[in-house]
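>>> have a look at this prediction, sequence included:
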Amino acid sequence: MTSRLVAFLRRRPKGLLVAAGLLAIGLLAVLDYDAPLELSFLVFYVGPVMFLLWFVGRWAGLLGAFASAAFWFWEDVLSPHAYANKPAADWNIAVRLVFLVLFVQAVAALKEALERERAAAQERLERDLQIAQEVQTRLFPQKAPEVRGVDCAGVCRPARSVAGDYYDFLALDSRHMGIAVGDVSGKGLPAALLMASLQGGLRSLASMADGGPARLARDLNAQVHALTERNRFVTFFWAVLDGETGGVSWVNAGHNAPFVIRASGRLERLGSSGPPLGVLAASEYREERTTLAPDDLLVVFTDGVTEAVDASEIEYGDGRLEEVLRRAAESREPVREVCRRVLDAVAAFEAGAEQHDDITVVAARTTR
């Protein structure tokens with residue numbers, strides 16, 4: 001509640017805040033005038049002076065202090081309540097004014113020190129995020145490994161400096177390519193750290209997996225569950241493409257159903273065959289199979305594509321993505337251009353609206 005109030009006040013025009021502070025001093029002056037002479041109101045004037053200083057600036061705090069002193073001069077020297085001993089009244093006013101001025105200067109110096117420290121911390125954070133972004137960029141495949149008969153490409157556009165989306169290409173042998181796409185729950189640095197852990201786990205398991213995609217998903221799920229908090233999970237798609245036969249064995253752990261666009265224009269979806277990784281300590285996954293004929297196109301994406309919104313909060317949706325993929329398949333575009341076409345279509349749909357989630361697209365086809 002307090003942080004929301006502070007944020008609200010910081011967004012108000014400074015002239016309005018100055019008027020509010022001076023009005024508060026005026027109201028205090030009225031109460032002070034009617035109060036018994038032996039009752040000191042000095043401590044109450046600190047409040048509006050502090051308000052002016054913190055939300056407007058040092059000059060506004062000093063303005064509040066001198067406005068308070070102007071009232072004291074009127075009350076103690078000019079009003080019917082004036083002191084009989086004028087030197088004593090002048091001294092009293094001077095002491096109170098000096099107190100407020102010193103208070104303003106001390107708090108202003110403290111505020112400036114805090115702002116410098118905050119700026120330095122923000123600079124350090126941005127530098128660390130830049131390093132993390134550079135490291136993560138190197139974690140994504142710089143180019144697809146060469147596997148006979150397989151052509152694939154991928155692209156990721158983070159919503160923040162670093163992404164929780166993941167894609168990878170692994171040459172399992174001379175004719176088999178592994179394609180992975182994952183989406184870690186959440187965004188930013190925590191999601192990116194889990195993404196890096198997912199990549200390490202996948203690469204180690206893929207190099208020694210002998211039970212197919214289902215076994216790999218089961219083992220990877222156990223790793224993710226052991227390493228993450230209970231509110232974290234990963235949707236994951238893993239496929240093994242045979243460049244010689246076009247065969248595809250795959251498992252879908254709660255991920256958006258990828259598209260297979262046949263050369264004829266027919267669309268198929270590769271639906272879920274198990275829960276997201278990390279939800280349960282032990283989960284079972286079902287291996288599925290399909291075949292890519294020459295010029296068939298496999299497109300895997302994360303929900304940042306279909307859940308992208310425009311300024312009216314309308315989602316991009318599966319329908320628009322289907323149309324883009326149909327046109328790309330009909331024109332036999334290279335897989336890298338297919339990924340770029342999807343990103344460009346989503347960016348055009350958003351039309352400058354804020355990107356709320358990471359966007360990843362992977363495309364593959366056989367070239368045998």
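That came in fine, so what should we check first?

>>> now His225: how far from Ala35?
Distance of His225 to Ala35, given as Cβ to Cβ, to the nearest Å: 67 Å. C-beta coordinates here come from the backbone N, C-alpha and C atoms, glycine included.

>>> tell me if I'm right that Thr44 and Leu28 touch.
That one is not Thr; residue 44 is Phe. Yes - counting by Cβ atoms under 8 Å, Phe44 does reach Leu28; the two are 5.5 Å apart.

>>> show me which of those two is the more surrounded one.
When neighbours are counted by other Cβ atoms under 10 Å, Leu28 comes out ahead of the other of Phe44 and Leu28, with 17 against 14.

>>> tell me the secondary structure at the more buried one.
The three-state assignment at Leu28 reads helix, by DSSP: H, G, I helix; E, B strand; the rest coil.

>>> Gln199 against Asp165, yeah?
No - between Gln199 and Asp165 there is no contact under Cβ under 8 Å: 11.4 Å.

>>> more neighbours, the two?
Comparing Gln199 with Asp165 by other Cβ under 10 Å, the one with more neighbours is Asp165, at 27 against 18.

>>> next, count neighbours for Leu241.
27.

>>> dump the residue contacts of it.
147, 150, 152, 176-179, 247-248, 292, 298, 364, 366 (Cβ atoms under 8 Å, 6 or more residues apart in numbering).

>>> look up how far Thr366 lies from it.
Separation of Leu241 from Thr366 (Cβ to Cβ): 7 Å.

>>> quickly list what's touching both of those two.
With contacts taken as Cβ under 8 Å, 6+ apart, Leu241 and Thr366 have Val150, Leu292 as neighbours in common.

>>> contacts for stretch 265-275?
214, 217, 237, 250-255, 257-262, 283-288, 290, 322, 325-326, 329-330.

>>> residues in contact with Glu333?
Contacts of Glu333 (Cβ under 8 Å, 6+ apart): Arg341.

>>> need the three-state assignment for it.
Glu333 - assigned by three-state DSSP - is coil.

>>> for it, what are phi and psi?
Note on Glu333: its backbone torsions stand at phi -70, psi 150 [degrees, to the nearest 10].

>>> and it, how far is that from Val342?
11 Å.

>>> ok, now Arg232?
Arg232 sits 27 Å away from Val342, going by Cβ to Cβ.

>>> domains for this protein, by residue range?
Following automatic domain parsing, one finds the domains of the chain at 2-132, 142-366.

>>> rank those domains by mean pLDDT and give me the bottom one.
The weakest mean pLDDT among the domains of the chain belongs to domain 2-132, with a mean of 84.

>>> mind checking the end-to-end distance for stretch 262-282?
End-to-end distance for stretch 262-282: 35 Å, by Cα to Cα, to the nearest Å.

>>> pull out the buried residues from it.
By neighbour count on 16 or more other Cβ atoms under 10 Å, the buried set for stretch 262-282 is Leu270, Ser272, Ser273, Gly274, Pro275, Pro276, Leu277, Gly278, Val279.

>>> stretch 296-312 too?
296-306, 308-309.

>>> what's near enough to touch the residue lying farthest from the centre of the chain?
What lies farthest from the middle of the chain is Ala84; by Cα atoms, centre = their mean that is 65.9 Å. Contacts of Ala84 were listed using Cβ under 8 Å, 6+ apart, and none were found.

>>> residue ranges for the helices of the protein, please.
2-10, 14-34, 42-55, 58-73, 86-139, 188-206, 212-227, 303-306, 317-330, 335-350 (DSSP state H).

>>> mind putting these into a markdown table with distance to Asp358?
Formatted as a markdown table, those follow (distance: least, Cβ to Cβ, whole Å):
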| stretch | distance to Asp358 |
| --- | --- |
| helix 2-10 | 27 |
| helix 14-34 | 38 |
| helix 42-55 | 37 |
| helix 58-73 | 43 |
| helix 86-139 | 11 |
| helix 188-206 | 8 |
| helix 212-227 | 18 |
| helix 303-306 | 5 |
| helix 317-330 | 16 |
| helix 335-350 | 12 |
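
>>> nearest to Arg157 among the ones you listed would be which one?
helix 335-350 (6.1 Å; Cβ to Cβ).

>>> and Val18, how many neighbours?
Residues lying near Val18 (other Cβ under 10 Å) number 19.

>>> oh, that last question was meant for Cys156, not what I typed.
Neighbours around Cys156, by other Cβ under 10 Å: 21.

>>> how much space separates the nearest residue to it once chain neighbours are set aside from Gly154?
Leaving out its chain neighbours, the residue that sits closest to Cys156 by Cβ to Cβ, 6 or more residues apart in numbering is Thr360, at 4.4 Å. Distance of Thr360 to Gly154, given as Cβ to Cβ: 7 Å.

>>> so how far is Leu78 from Val30?
Taken as Cβ to Cβ, the span from Val30 to Leu78 is 16 Å.

>>> typo on my end, Gly26
17 Å.

>>> for the two, indicate the residue with more neighbours.
Neighbours per residue, other Cβ under 10 Å: of Gly26 and Leu78, the larger number sits with Gly26, 13 against 10.

>>> ok, now which ones touch that one?
Neighbouring residues of Gly26 by Cβ under 8 Å, 6+ apart: Phe71.

>>> quick one on the thing from earlier: inside strands: which ones of the contacts of stretch 265-275?
Judged by DSSP state E, the subset of the contacts of stretch 265-275 located in strands is Phe237, Trp250, Val251, Asn252, Ala253, Phe259, Val260, Ile261, Glu288, Thr290.

>>> about what we covered before: His225 and Ala35 - which one has more neighbours?
His225 (18 against 11).
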